[in-house]
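Student: any chance you can model this:
(chains A and B)
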Amino acid sequence: MQTAVSQTSPPQKSFLYDPKVRGIFYQVVLIVGIVYLFYMAATNAIENLQRAKIASGFGFLNNTAGFDISQTLIQFSAAGGTYGDAFIVGLLNTLLVSAIGIFFTTILGFVIGIARLSKNWMVAKVAMVYVEVLRNIPLLVQLLFWYIAVLGALPQPRNSLEMGAGFYLNARGLFMAKPIYGPNISILVAVLLIGLIGTFLYRRWARKQQEQTGRQYPVGKVTLALVLVLPVLTWIVLALVGTNPITFELPRKGTFNLTGGMQILPEFVALLLGLVTYTAAFIAEVVRAGILAVSKGQTEAAGSLGLTPGQTLRLVVIPQAMRVIIPPLTSQYLNLTKNSSLAVAIGYPDLVQVFMGTVLNQTGQAIEVVVITMGVYLTISLVTSFIMNIYNRRVAIVER
Amino acid sequence: MSTAVDIPRFVRAKQVEALPPPNLARGPVAWIRENLFSGPFNTILTLVVFYLLYVIVPPLVRFLLIDAVWTGTDRAACRADTGGSETGACWAFIWDKINYFIYGSYTISERWRVDMFFALLAIGVVWLLWLRAPRRDLGAVYFFWIFPIVSYVLLTGGNADFGVRFWIGFAIFGALVVALFAFFAALLKTAMRPALIMGGGIVAVIGVTLALIDIDFGLAHVPTSLWGGILVTLLVATVGIVVSLPFGIVLALGRRSKLPIVRMASVIFIEFVRGVPLITVLIMANTMLPLFLPGDMTVDRLLRPLIGTALFASAYMAEVVRGGLQAMPKGQYEGAMSLGLNYPQMMTLIVLPQALRIVIPGIVNTFIGLFKDTSLVAIVGIFDLVKTIEASRIDPNWAAPTIGITGYAFAALFYFVFCFGMSRYSLGVERRLASGQNR
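Tutor: Prediction:
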């Protein structure tokens, strides 16, 4: 086609009319512009940094931080921790709140999404109101609301709310029993692992059998027995023998404070509550759209084959809906992870609060800090979308 | 359940008993029975929901309306120890601070200018979003050119006072631009007139813009550090949409371009911005922008987050517009090309008008997200609505237990009204467009 065009076009026209030449010209202009921008930014930055006497390079990561962090998953102290350690602490805190948040928001989102499609008018309307209200109010306002208006109104430690089972709630956070692992914990973990592997193998075998003979096996009951009953029995036996693998340290109520147990920061509770309830509203919409995308004929066909409504949902509707649900669901997970950076507004020590806040203010090395922080989020985004693309390819409809 | 013949279980071997005929009864009782109590599970569900509503709704109504304090001049009205009531929301606090929430610390005698800005913004939004408004092309010119300049002059006071030397420099620049266009026209051996008109037009638009900023209209200067409240919230959102729509269209076209470097630059920008949280972009704009500029130049504190949000919104807008471009059937492009239109003509006359029309819901949804995200500028110290509430909440004059919750309830209500309204609009447009497709 290309040759045909050049043959019919008049040869005396200037080469400037050649789309290829023009394309190269435009791209050269673009490159020159971008390079000029970067060059100006770099020279100005070097000059400004020299004038302000700010060091550059990543050497500051080995300097002693000199500040404390309220929640640390690894050993960290103001005296011994470096900025690099502070970075890891912040990163782990971000990952912790994101992982727990994703777990709970998935459950809540699916429940509300299915509730929106319920035939029960009341349930559907309540779910709709939930989605509309939560979606249309900024997350920041919701976080501040949870943190200041709800958790801030909790009583002082001496008047802690007792919630039973070792749970206490007060202005310093949620206190709960802290598990202390005995020497026999490895036995318990091994039993749990055996249960999980056994379940996996049994499920595969049962599925194969069903595909070949049509005979169904009690998969659910066996799973329950292997994953839950077996470890619990082991635990009880070990406890009776006198070598309890897990004991709990309950928080004790003192005159002014609670001692012992595990303390969960109110900042963490507020952030988790805000992220979970907010993202669940979006996931609910994703789930609803996914289920609606499965045509009604599928449900009717399943019904005419004699499947019960539960079986229809489990075997026909959900596997097909998941195809539609997974891509937007992933982007909601990423949104939750990115939104966890709003922790900075309520003082939960996540990556942004620790690194882009305190470390940036102390060192003044804006470029390095911003590059590292953005790099972390970018990596999380790219890795997640890469994994999800693989998954997507596996569940996608294979057209012949 | 064993059958004589060994057949797979998913085939029924026996006739199923016929279901009872559907209930033909009508009326409220039948409706309730069918929709709320159609089985034991449904009944339990309904009762649980009723219980939840009973736990949540009456206390909420009591707090927000019945027990609320509506009048008062200071904290006494909302404190139990001074004879007030602290079981309900303290709307007197909002009422007392409402001017601060709307205008921030904007000079009181000049606040009519902010009102004008709100009115001009409303005109622009209605003009563009009302699908049957007359001359929506003029509306676009108004919203993306005239309105920003007028607002800038109104809000800051204009009178930039560039001086004679600047204007001499601009005249030289203008002559150079026109000469460049003439040079290219000569090089390409095309007509001189359109090239001159185009070059002159570009210079004229920039010149008029600069002149309007330069002229002294006699308005007092109001520094941006005094701006605050809803003014800043709407300003950040407006700048975001005014910048992000054109820039997003350019990025989307770049991403769909056949030129590899243009495409790569667009993809890198879009994916980079979409991969990081807005708050990191804002902190970057706040700390790194001053570093990248020559030492004697300073960027206004309010301008930094404006640039950050505008860039952030552009990347999301680009993806929405790309969706519209991809939805265009190939025949539209081919038809335009076969008519002999060049790339700019094809895009501005054929493809973009159709593509943008079908992504109006997507654009509005992106704008809702942008509008909610404007609250994040509070974190980098800009006095938007959330920040003004934060600041008023700790005012000792209004130290009362319910102040915080009332303030956030007000903010939530404000954002909800705007976002819910916009989402209804976008749903309406979507339905309209869909009905056109169905026919």
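Student: can you give me the pLDDT of the residue in the stretch 101-250 of chain A positioned nearest to chain B?
Tutor: The minimum distance from the stretch 101-250 of chain A to chain B, using C-beta to the nearest C-beta, falls at A:Gly214 (3.1 Å). For glycine as for every other residue, the C-beta is placed from the backbone atoms N, C-alpha and C. Looking at A:Gly214, its pLDDT is 76.
Student: and it, backbone torsions?
Tutor: The phi and psi values for A:Gly214, taken as degrees, to the nearest 10, are phi 80, psi 0.
Student: give the contact list for B:Ile358.
Tutor: By C-beta atoms under 8 Å, 6 or more residues apart in numbering or on different chains, the contact set of B:Ile358 is B:324, B:327, B:433.
Student: next, the buried residues of the longest helix anywhere in chain B.
Tutor: In chain B, with assignment by DSSP state H, the single longest helix is helix B:403-438. Of all the residues in helix B:403-438, those buried under the rule 16 or more other C-beta atoms under 10 Å in any protein chain shown are B:403-412, B:414-416, B:418-420, B:422-423, B:425-426, B:429-430, B:433.
Student: also near chain A: which of the residues you listed, exactly?
Tutor: Among those, proximity to chain A is found for B:404-405, B:408, B:411-412, B:415-416, B:419-420, B:423 (C-beta under 8 Å from any C-beta of the partner chain).
Student: in CSV, list those along with pLDDT.
Tutor: Formatted as CSV, those follow (pLDDT from 0 to 100):
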residue, pLDDT
B:Gly404, 85
B:Ile405, 87
B:Tyr408, 90
B:Ala411, 93
B:Ala412, 93
B:Tyr415, 94
B:Phe416, 95
B:Cys419, 93
B:Phe420, 93
B:Ser423, 91
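Student: can you redo the residues you listed as CSV with distance to A:Ala321?
Tutor: Formatted as CSV, those follow (distance: C-beta to C-beta, whole Å):
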residue, distance to A:Ala321
B:Gly404, 41
B:Ile405, 39
B:Tyr408, 36
B:Ala411, 36
B:Ala412, 32
B:Tyr415, 31
B:Phe416, 30
B:Cys419, 27
B:Phe420, 27
B:Ser423, 24
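Student: closest one to A:Gly306 out of the residues you listed, please.
Tutor: Using C-beta to C-beta, B:Ser423 is the member of these that sits closest to A:Gly306, with 41.8 Å.
Student: pull the CA atoms of stretch B:245-254 into PDB?
Tutor: Listed in PDB are the C-alpha atoms of stretch B:245-254, where the atom choice follows Å, rounded to 0.1, in the frame of the first residue of the first chain:
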ATOM      1  CA  LEU B 245      -9.200  18.000  30.100                       C
ATOM      2  CA  PRO B 246      -7.100  19.600  27.300                       C
ATOM      3  CA  PHE B 247      -3.900  18.000  28.600                       C
ATOM      4  CA  GLY B 248      -5.500  14.700  29.100                       C
ATOM      5  CA  ILE B 249      -6.800  14.800  25.500                       C
ATOM      6  CA  VAL B 250      -3.200  15.500  24.300                       C
ATOM      7  CA  LEU B 251      -1.900  12.600  26.400                       C
ATOM      8  CA  ALA B 252      -4.500  10.300  25.100                       C
ATOM      9  CA  LEU B 253      -3.800  11.200  21.500                       C
ATOM     10  CA  GLY B 254      -0.100  10.700  22.300                       C
END
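Student: from the structure, what's the count of residues near residue 390?
Tutor: I went with chain A, as the question did not name one. Neighbourhood size, A:Ile390 [other C-beta atoms under 10 Å in any protein chain shown]: 8.
Student: ah, I was thinking of chain B
Tutor: Here the count is done by other C-beta under 10 Å, and B:Glu390 has 19 residues near it.
Student: contacting residues for the closest residue in space to it that isn't next to it in sequence?
Tutor: In this structure, B:Glu390 finds its nearest non-sequential neighbour in B:Ala378, 6.9 Å apart by C-beta to C-beta, 6 or more residues apart in numbering or on different chains. Contact partners of B:Ala378, counting by C-beta under 8 Å, 6+ apart, are A:140, A:345, B:384, B:386-387, B:390.
Student: how about B:Val380?
Tutor: Residues in contact with B:Val380, defined by C-beta under 8 Å, 6+ apart, are B:282-283, B:286, B:304-305.
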